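Peer 1: A structural model of the following input is requested.
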Amino acid sequence: MNNNVPVVQGFAISQQNQNQMSPAPLVVQDYGDNGDNGDNFSGYKGEPQPKKFNDVFFSVLFFAHLIALACVLPASLNAQGDNGGGDGNIGSIVYFVSVCGVFATGLSTVSLGFMMRYANQLVKLALYFQIATSLAMAILMLMAGSIMMAAFCGLSFFISICYAYAVWARIPFAAANLNTALIAVRANLGLTLIAYICLFVGFAFSIAWVTISNAVLNTYPGMAFLLFLSYYWTHQVLSNTMHVTSAGVIGTWWFAPIEASSFCSQAIGDSFRRASTYSFGSICFGSLIVAIVQALRQMNHQMRGNDDARILVCIIDCILGCIEGIIEYFNKWAYIYVGLYGTSRYFMWFVAAMK
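Peer 2: Below you'll find the predicted structure:
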């Protein structure tokens, strides 16, 4: 760990105040930037939420779609076996997904270790990489004879240099934030176990999904959108469950470090329990919105082979990409409120938009 990078942590709160915060015993301090100099502010941000299941309809819908896939899976395996190539296809899928899983696990582990050791250097490396990539692309485009693309890459190179110059003085602050987050993760390394479990479940689902989609699309090609929706929705739910769990653990470490300072701390269990029970419907709701846009983009990508509609396909893809980016930006902050306070999804959108 780079000892030159400071660690920022909040003030511990009293047990009485912890008991007032439900389901997550967390507070966020505010010093008042709304014109009242904080005189009328209580020192707490976020409303205590009762322990109740939020957005239950979406969690029920998510489990119902998983049950439907589970019912279709045996028939899909039999259909592939009847076609004479089932074992080979399944074997190829398992091999491909296993290789991707091992690579992703190894890369994630190495990246986490590297970030923990070189927080300050990592921020600088990201800026250098962006500049170097733009320069390399400009050179390659010149060598390929594409003057227009080389000009755009050169412009990107210039903008990257200007951006690096503008934010260079803020690198210590960014490194301190990154270092603080990494120390919190290192103090609660049990989070990595949950992450690896979600990764394993995601790869297992991918194997089952490919098997089902191969069988279903051969008979019902019109089911493509629903299959893509199922794929993206499931992976979004897994990813966002991890996001909400991490938010709860890091928030607890910030203000109640005693509860979040061991490999399998109390904060990890409590945060994961909230994410997989009370807040799971909210996670499914937000994940479904993103998954719908991602499924539409995938359907749009399949139309790129049509030369007559190529421009229209690009326009639609750009619009969907912008919508997806906006939704994911809101989700990033909204899920933090879910992890910290267990806030209902319907209120969450307004809170995220106000940030």
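
Peer 1: Spatially central, which residue of the chain would that be?
Peer 2: Ser239 (5.0 Å; Cα atoms, centre = their mean).

Peer 1: so that one is in which element?
Peer 2: Per DSSP states H and E, Ser239 falls inside helix 224-255.

Peer 1: Quick check: buried residues in that helix?
Peer 2: 224, 227-255 (16 or more other Cβ atoms under 10 Å). All C-beta spots, glycine's among them, are computed from the backbone N, C-alpha and C.

Peer 1: which stretches of the chain form helices?
Peer 2: 15-20, 56-82, 86-117, 119-143, 147-167, 171-187, 190-219, 224-255, 266-276, 280-301, 310-341, 345-354 (DSSP state H).

Peer 1: mean confidence score for the fourth one?
Peer 2: What it means is helix 119-143. If you average the pLDDT over helix 119-143, you get 86.

Peer 1: ok, back up a step: mind checking how far the residue nearest to the centre of the chain is from Val210?
Peer 2: 19 Å (Cβ to Cβ, to the nearest Å).

Peer 1: right, and the residue nearest to the centre of the chain touches Cys198 too?
Peer 2: Yes - if you go by Cβ atoms under 8 Å, Ser239 and Cys198 touch, sitting 7.4 Å apart.

Peer 1: shaky segments in the stretch 151-300 of the chain?
Peer 2: The model of the stretch 151-300 of the chain has no residue with pLDDT under 70.

Peer 1: ok, 80 please
Peer 2: 217-222 (pLDDT under 80).

Peer 1: repeat for the stretch 1-150 of the chain
Peer 2: In the stretch 1-150 of the chain (pLDDT under 80), the answer is 1-52, 75-98, 100-101, 104-105, 108-109, 112-121.

Peer 1: Report the contact partners of Ile250.
Peer 2: Going by Cβ atoms under 8 Å, 6 or more residues apart in numbering, Ile250 touches Ala181, Ala184, Val185, Ala260.

Peer 1: State the distance from it to Ala187.
Peer 2: The gap separating Ile250 from Ala187 is 10 Å, by Cβ to Cβ.

Peer 1: repeat for Met141
Peer 2: On the measure of Cβ to Cβ, Met141 and Ala187 end up 46 Å apart.

Peer 1: what do you get for Val338?
Peer 2: Where Ala187 is concerned, Val338 sits at a distance of 22 Å (Cβ to Cβ).
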